[in-house]
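Trainee: Kindly return the folded structure for what I paste below:
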Amino acid sequence: MSRTERTVVVARSGPEVWAVLTDPSRVPEWQRFIVASRVEPPGPPRVGSRLHQSRSFLGRRIEFTVTATEVVSPRRISIEGEYGPARFTGGYVLDPRRGGTRLTYWIDLTLGGLFRSLSDVVAAELARQAAADLEAFRRLIEGQPPPRGRVVIASV
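Mentor: Numbers count the residues shown, from 1 in each chain. Alright, predicted model coming up:
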């Protein structure tokens with residue numbers, strides 16, 4: 001199992017961050033490879049809610065579903081899912097800070113079968129993608145234009 005964790009500080013209140021973070025229609029605005037996202041049942045997230053997403057990968061559309069395992073509005077949401085040889089748990093934690101909110105994303109990933117040997121490579125790519133997605137989220141919610149070119153963000 002490999003763990004990836006990334007953090008960004010957003011100059012918005014926890015409830016403002018939560019509202020955008022948990023709105024499935026907004027996910028494609030800040031997660032680069034997500035092209036569609038919807039939740040069942042409709043409404044605010046709760047334990048058992050299922051988030052259906054479509055991801056673009058190498059020109060193909062991949063469908064997958066994650067399930068909410070913990071929801072503490074507006075502080076924390078945890079999920080679990082499985083896709084092919086990958087099983088994962090993850091989530092977001094919101095911590096109030098003066099002038100904003102510290103938003104932390106984490107994921108524990110386990111690859112099975114022949115893919116197990118690629119765990120370090122996949123973890124490194126997840127870390128890079130998580131950092132870029134969090135920066136895009138921060139810019140979106142703070143009303144800043146999206147970054148141009150490659151975004152490089154250090155671990156926090």
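Trainee: what comes up buried for the lengthiest helix in the chain?
Mentor: For the chain, the longest helix by residue count, based on DSSP state H, is helix 119-141. Residues of helix 119-141 classed as buried: 123, 126-128, 130-141 (neighbour count, 16 or more other Cβ atoms under 10 Å). For every residue, glycine as well, the C-beta is placed using N, CA and C.
Trainee: Could you list every helix and strand in contact with the helix or strand where L103 lies?
Mentor: L103 belongs to strand 100-111 when assigned by DSSP states H and E. Judged by 3 or more Cβ pairs under 8 Å, 6 or more residues apart in numbering; DSSP states H and E, strand 100-111 is in contact with strand 2-10, helix 14-21, strand 86-97, helix 119-141.
Trainee: got the contact list for the helix or strand hosting S54?
Mentor: S54 is located in strand 50-57, with elements delineated by DSSP H and E. Contact with strand 50-57 is made by 24, 27, 33-40, 45, 61-68, 79, as judged by Cβ atoms under 8 Å, 6 or more residues apart in numbering.
Trainee: Same question for stretch 105-120.
Mentor: Under the contact criterion Cβ under 8 Å, 6+ apart, stretch 105-120 has outside partners 1-7, 85-93, 122-123, 126, 130, 133-134.
Trainee: and what of stretch 61-79?
Mentor: Residues outside stretch 61-79 that contact it (Cβ under 8 Å, 6+ apart) are 14-15, 17-19, 21-22, 35, 44-56, 80-81, 83, 89-95.
Trainee: Could you list the paired strands of the helix or strand encompassing V71 along with their orientation?
Mentor: Here V71 sits within strand 60-72, counting by DSSP H and E. Strand 60-72 sits in its sheet next to strand 50-57 (antiparallel), strand 76-83 (antiparallel), going by DSSP bridges.
Trainee: Cool, thanks, talk later.
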